[in-house]
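>>> structure, please.
(one chain, ligands or ions: 1)
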Amino acid sequence: MFGIIGLGAIGILLAYFLNKAGHVPYAVTRTRRDRYAIRAEGAEEAVEVVLVDKLPGSVRYSLIAVKAYDTESALGAVAGIPVVFQNGIGGLELARERLGLGIGAVVTYGVSREGGVAELRGRGEIILPEEAGELADALRAGGASVRIVRDVEPYRWLKTAVNAAINPVTALLRAKNGVVLESPHARALAEAAAREAGLVAERLGVRLPADPVEETLRVATATRENYSSMLQDVLAGRRTEVDYINGAVVSYGRRAGVEAPVNYALWLAIKALSDVQSRQL
Ligand SMILES: NC(=O)c1ccc[n+]([C@@H]2O[C@H](COP(=O)([O-])OP(=O)(O)OC[C@H]3O[C@@H](n4cnc5c(N)ncnc54)[C@H](OP(=O)(O)O)[C@@H]3O)[C@@H](O)[C@H]2O)c1
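Numbers count the residues shown, from 1 in each chain. Next up is the predicted model:
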């Protein structure tokens, strides 16, 4: 049996795939909505879950789909093995530290959300390690594109490197992802951030599956008309995940003896932007 913690954009997408495979997952969420649904290519489908306050002991996998900064508050509801579906570095590590176990997953689908209705904006894949085989089978049976890898760590770091490059640059410039290709200055900044994140991963002994700069340019090309999640968070006055993206590159870099000055400057700039917005200066 499957449980989901956090019924936002990704939580609803996961519940949808599980529904399609014949499962109605248990779900714990913070703000309960009257209904949950997903929209894709103009059509809307209801998503079914059994809402509970804490996942029951029969749950084998707890799919954690809260923002990285909400992980701590989600851990009390976990049953079975936590599988962390988050961008950045830090949420999975916290789950492992507190609960002694945890599996990482990478999602490259693009999903937005208004209340309990998610909208699929970009098809991608879910990357899971071999030990989550039963979950991978269920998601795949529900129509998800799932890739099973021996070790998910290199994919988590590659996505973090791409996010560290595209997210803060687009949030600061208030521009679509394509700005990273169109402005040579934005591109230089993004490339430097991705390169640094790649060096940190390398020093940590993580061998990235692709060059982080090339991957950043590939993702920017594929998503050139999209607004990054960090830009959307900034515009909506919401907290960003920058501490788990650029902030994590800096802190993990320090532990590994590598400086990451571009990521540090981007982290400072996004934090300053949030300070200014929250005080409405
Ligand atoms: N959206 C995407 O396209 C996408 C793609 C790849 C990766 N990701 C990553 O996936 C993660 C989730 O993002 P998202 O876009 O799904 O965010 P989201 O739409 O904000 O959903 C997060 C959900 O978690 C709920 N929540 C927060 N704390 C909770 C708690 N303690 N217990 C239970 N529920 C709790 C939130 O409740 P409220 O409704 O009260 O806020 C919200 O419904 C992030 O790390 C993000 O970077 C997202």
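
>>> report pLDDT for the closest residue to the ligand within the stretch 151-281 of the chain.
As assessed by Cβ to the nearest ligand atom, the ligand sits closest to residue 241 within the stretch 151-281 of the chain, at 5.4 Å. The C-beta positions use only the backbone N, C-alpha and C, and glycine is treated the same way. Note for residue 241: predicted pLDDT of 98.

>>> tell me who's in contact with it.
67, 68, 69, 86, 87, 88, 229, 230, 233 (Cβ atoms under 8 Å, 6 or more residues apart in numbering).

>>> and the residue nearest to the third one when sequence neighbours are not counted, how many neighbours?
Translated: residue 69. In this structure, residue 69 finds its nearest non-sequential neighbour in residue 239, 6.2 Å apart by Cβ to Cβ, 6 or more residues apart in numbering. When neighbours are counted by other Cβ atoms under 10 Å, residue 239 registers 14.

>>> does residue 239 count as helix, strand or coil?
coil (DSSP: H, G, I helix; E, B strand; the rest coil).

>>> so what's it up against?
Taking Cβ under 8 Å, 6+ apart as the test, what residue 239 contacts is 67, 69, 233, 274.

>>> now do the contacts for residue 29.
Residue 29 neighbours (Cβ under 8 Å, 6+ apart): 5, 6, 7, 8, 11, 51.

>>> for these, which one is nearest the ligand?
Proximity of these to the ligand (Cβ to the nearest ligand atom) peaks at residue 8, which lies at 1.6 Å.

>>> let me see the contact set for the closest residue to the closest one other than its chain neighbours.
Spatial nearest neighbour of residue 8, chain neighbours left out: residue 113 (5.5 Å); criterion: Cβ to Cβ, 6+ apart. Contacts for residue 113 (Cβ under 8 Å, 6+ apart) come out as 8, 9, 12, 119.

>>> quick check on the last one: phi, psi?
Meaning residue 119. The phi/psi pair for residue 119 (degrees, to the nearest 10) reads phi -130, psi 120.

>>> thought residue 39 was touching it, still the case?
Yes: the pair residue 119 / residue 39 is scored as a contact, 4.5 Å apart, by Cβ atoms under 8 Å.

>>> hmm, back to that, what subset of the contacts of residue 241 is also close to the ligand?
67, 68, 86, 87, 229 (Cβ under 6 Å from any ligand atom).

>>> what's near enough to touch the one residue sitting closest to the centre of the chain?
For the chain, the residue sitting closest to the mean C-alpha position, by Cα atoms, centre = their mean, is residue 87 at 2.6 Å. Residues near residue 87 by Cβ under 8 Å, 6+ apart: 68, 159, 160, 163, 229, 241, 244, 245.

>>> same list (those residues) but as TSV, adding distance to residue 58 and secondary structure.
Below are the contacts of residue 87 laid out as TSV (distance: Cβ to Cβ, whole Å; DSSP: H, G, I helix; E, B strand; the rest coil):
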residue	distance to residue 58	secondary structure
68	27	helix
159	32	helix
160	33	helix
163	35	helix
229	33	helix
241	32	coil
244	31	helix
245	35	coil
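
>>> could I get these in JSON lines, plus columns for distance to residue 202?
Conversion of the contacts of residue 87 to JSON lines gives the following (distance: Cβ to Cβ, whole Å):
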{"residue": "68", "distance to residue 202": "23"}
{"residue": "159", "distance to residue 202": "16"}
{"residue": "160", "distance to residue 202": "13"}
{"residue": "163", "distance to residue 202": "18"}
{"residue": "229", "distance to residue 202": "26"}
{"residue": "241", "distance to residue 202": "23"}
{"residue": "244", "distance to residue 202": "20"}
{"residue": "245", "distance to residue 202": "18"}
